[in-house]
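[1] following is a predicted model, sequence given first.
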Amino acid sequence: MSEQPQPGVAQWFDLVQESIVVRDPAGGILAWNQASARLYGIASEQALGRPEAELLGSQYPQPVSEIDAILRETGSWRGEVQRRDAAGRELHIDLRCSLLRDAAGAPLQVVETARDLSEQRRTERALRHSEYRYRNLFQAMAASFWELDFSAVGAMLQRLRKAGVTDLRAHFAANPGLVREMMRATRILDVNEQTVTLFGLGDRAGLMDNVEPFWAESSNHTYAESVIAAVTGQPHYVAETRLRRIDGSEFDGLFTACFAPEAVGRGKLLIGVIDISERKRAYAELERSESRYRNLFQAMAVSFLQLDSSGLNKLFAELRAQGVTDLHPYIDQHPEFLEKAMEASVVIDVNERSLKLLGAKDRNELLGPVTKYWIPGHYDAFRGSIEAGFRREAGFQAETRKRTVDGREIDVLFFVTAPPEMRDNGIVLVGNIDISEQVAARAAVRQMQVELAHAGRVTMLGELTASIAHEVNQPLAAIATNGEAGLRWLGRAVPDVEEARTLMQRMIADARRAAEIIARIRAMSLRRPPEPVPLGLNALVQEAVQFLQHELRAQQAQLLLQLAPALPLAQGDRVQLQQVVVNLVVNALQAMAQADVPRRELQIETRLTADREIELAVLDSGPGIPGEHFDKLFESFFSTKPNGMGLGLPVCRSIIEAHGGRIAAGNREGGGARFAVTLPLPAAG
Ligand code: ADP
């Protein structure tokens, strides 16, 4: 420590790697070696003669006077000094000072050796910082952390190895007791707050023993695997496992063990536990809902196709980029876009039901672009669906005709389900409900309506006969009168030919009028004679009801059918008798609507009477019929409705009477009207 630079030793002075500075007791620099120049970035020429404290901006840990006193007293001083180099960087210097005295013992020179601690200090600071961060993390993380000491487990493993155990995995599996013992040997050094919360402990102290209580028996395997991972030099081990709270309840945890080499060397281990019961539950829920969806998809009695519409999404994006905001006018101008869009809508999955509906033997036949399902010229529904999709609507439906893969054409209710988030992911669900039958039924109903309208006209004629007869009768009577008068004028002694001519002209005019009336009547109908056939009245009622289905729903009327089983067949004209039922039901509905009764009940009964006649009755819960109207009901043109024709009941009566039956009106006890039609049984044989 007492190197003293002499002129002859300047060379080795510069060779020393450590910074050496010689100064006089007041601080003036006397010598400055190369290492000092390197350390402070100051060449010796610039340093020599300068006061050191000023040159280096030294900050001492204690007053300079105290340091001088110590130097004088003990001959040396050591301490950490902060200095600045030429570039202004802060340096931490481990400074050792030694005092040289002259022969008289008076202070002569001070030799200082300096070691740069800056790097070390920086590292320490970073370390402190990271330690602090780690502490924070350890405490603040939403995970439970454990610091464990497993050195005793290490000793156990060594004993096993000595005893000749080579296959640890098999050994652990065969000795669950040993695994539990290892757990007991794993001591708890520290845990964070989350651990206390998660494992349900009142305070941390209660946890500070070993880990065994916290491992469910079913998790022995996981623990054993983590030990194996540690001894085979794995950096970490992660597993989902069952863990146990202090109250014995178990939960699913994600267990992570970190085997940092230096920590493992010291027998230390850090493990983290995250409660994943919630996540597991959510996942199970997801799985359930996924399988529910699959089940639904498969089991629905409706054909479902899952489409990949990402291609369509791309086309949409291109159009939007071109500034298209409404697809409808765009398609008007670019009809070819429809087929492009079909090509870009690809079936990727189908349910069982689709096979049958779309005529496929194998589901693969149904996959691919939807183009094959659409009939050229019948693109309206497809167009509507993509226009709705472009507007980001979640659903669309329309009735349409589609083509099956075996070449048939079917009527379907076509519907598209694609909530925006589904559509964004390129998923679109398409459903098809076969409505061929409904369409056929609707066509039949339309046909029936035509027939009924016709029958209505025909039967109305019967009723009109009276007034027609009256009208035709007038000109005929006039003709007769005029003819008689004419004869009288001609029978005179001097026949008045002029009078006779006038009368003849009137007769011709009257005859023409009569002919016109007849022509008008003929024009109203090509009269079709009733076609009596054996008829099941119950079936007839059912048909009429089907025809009225819409009306019943619109009126929110409840229909009760009480049809006698095994009713004998009647004889009659199907269309005309249907007209009767329809008329009576419509009357009943109108009466209930007009009176605005809250409970609308319509009842149709058929039965065989004691007199072996077939009776059909229509009952309602309307206002019933006032006593004074009974006489007039069946008269032509009697109506209490603002737009009533007053022809329905008379027509009914003429039809029924033509069938040899009767029709009667009455009131029900509880309120409401009852119209009863009675038909004779056809003569036996
Ligand atoms: P319209 O329906 O044109 O009135 P209808 O001959 O069918 O002619 O009926 C004549 C009248 O008989 C009706 O205006 C109504 O006053 C009465 N009527 C018919 N059916 C019922 C009924 N179910 N309940 C009460 N009144 C009825």
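    The structure has been received and is ready for your questions.

[2] measure Gln555 to Asp167 for me?
    84 Å (C-beta to C-beta, to the nearest Å). (Each C-beta comes from the backbone N, C-alpha and C, glycine too.)

[3] stretch 72-79 spans what distance, first to last residue?
    Stretch 72-79 has an end-to-end distance of 16 Å (C-alpha to C-alpha, to the nearest Å).

[4] what parts of the chain come near the ligand?
    When proximity is defined as C-beta under 6 Å from any ligand atom, the chain approaches the ligand at 587-588, 591, 620, 622, 625, 633, 638-641, 644-649, 673.

[5] about what we covered before: more crowded one of Gln555 and Asp167?
    More crowded of Gln555 and Asp167, by other C-beta atoms under 10 Å: Gln555, with 16 against 9.

[6] roughly how far does the more buried one sit from Gln590?
    According to C-beta to C-beta, Gln555 stands 9 Å off from Gln590.

[7] one more: Val405?
    Counting by C-beta to C-beta - Val405 and Gln590 are separated by 50 Å.

[8] in the stretch 101-250 of the chain, which residue sits closest to the ligand?
    Ser249 (71.7 Å; C-beta to the nearest ligand atom).

[9] ramachandran coordinates for that residue?
    phi -70, psi 150 (degrees, to the nearest 10).

[10] that one - nearest residue in space that isn't next to it in sequence?
    Nearest residue to Ser249, sequence neighbours excluded (C-beta to C-beta, 6 or more residues apart in numbering): Gly200, at 7.7 Å.

[11] same deal with Arg266?
    Ser151 is the one closest to Arg266 (C-beta to C-beta, 6+ apart), at 8.0 Å.

[12] ok, now how distant is the one you found from His171?
    20 Å.

[13] Val545: what secondary structure?
    With DSSP: H, G, I helix; E, B strand; the rest coil as the basis, Val545 sits in helix.

[14] and the nearest residue to it once chain neighbours are set aside, what does it touch?
    Nearest non-adjacent residue to Val545, counting by C-beta to C-beta, 6+ apart: Leu559, 6.7 Å away. Residues counted as contacts of Leu559 (C-beta atoms under 8 Å, 6 or more residues apart in numbering) are 545, 552, 602-604.

[15] now swap in Asn583 and tell me
    Contacts of Asn583 by C-beta under 8 Å, 6+ apart are 648-649, 651-652.

[16] so Ile276 makes contact with Leu243?
    No. Assessed by C-beta atoms under 8 Å, Ile276 is found out of contact with Leu243, at 10.2 Å.

[17] so between these two, which is more surrounded?
    Leu243 (23 against 17).

[18] in the helix or strand that Leu355 is a member of, what counts as buried?
    Leu355 belongs to helix 352-357 when assigned by DSSP states H and E. For helix 352-357, the buried set under the neighbour-count rule, 16 or more other C-beta atoms under 10 Å, comprises 353-355, 357.

[19] for stretch 638-655, same thing?
    Those would be 638-639, 646-655, for stretch 638-655 by 16+ other C-beta under 10 Å.

[20] ends of it, what's the gap?
    By C-alpha to C-alpha, one end of stretch 638-655 lies 18 Å from the other end.

[21] and the average pLDDT for it is what?
    Averaging pLDDT along stretch 638-655 gives 81.

[22] determine how far that stretch lies from the middle of the whole chain.
    55 Å (C-alpha atoms, centre = their mean, to the nearest Å).

[23] likewise for stretch 397-407?
    26 Å.

[24] can I get it as CSV, trimmed to CA atoms?
    Taking C-alpha atoms only, stretch 397-407 is exported to CSV below (Å, rounded to 0.1, in the frame of the first residue of the first chain):
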residue,chain,number,x,y,z
GLN,A,397,-86.9,-15.3,-45.1
ALA,A,398,-88.9,-15.9,-48.2
GLU,A,399,-90.9,-18.5,-49.9
THR,A,400,-89.2,-19.7,-53.0
ARG,A,401,-88.7,-22.6,-55.4
LYS,A,402,-85.4,-24.4,-55.2
ARG,A,403,-83.8,-27.3,-57.1
THR,A,404,-82.8,-30.5,-55.3
VAL,A,405,-79.6,-32.3,-56.2
ASP,A,406,-81.6,-35.1,-57.8
GLY,A,407,-83.2,-32.6,-60.1
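
[25] ok, and for that stretch, which residues are buried?
    397-398, 400-404.

[26] and the contacts of it?
    Counting by C-beta under 8 Å, 6+ apart, 357-360, 365-366, 372-375, 378, 380-382, 384-385, 409-416, 432, 435, 439 sit against stretch 397-407.

[27] now list the buried members of the residues you listed.
    Applying 16+ other C-beta under 10 Å to these flags 357-360, 366, 373-374, 381-382, 384-385, 410-416, 432, 435 as buried.

[28] mind listing which of the residues you listed are in helices?
    Counted as lying in helices by DSSP state H, out of these, are 357, 381-382, 384-385.

[29] using CSV, lay out those together with pLDDT.
    Below are these laid out as CSV (pLDDT from 0 to 100):
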residue, pLDDT
Leu357, 90
Ala381, 95
Phe382, 96
Gly384, 95
Ser385, 95
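
[30] in contact with Ile656: list those residues for me.
    Contacts of Ile656 by C-beta under 8 Å, 6+ apart are 580, 662-663, 677-679.

[31] top of these by neighbour count?
    Busiest of the contacts of Ile656 [other C-beta under 10 Å] is Val580, holding 29 neighbours.
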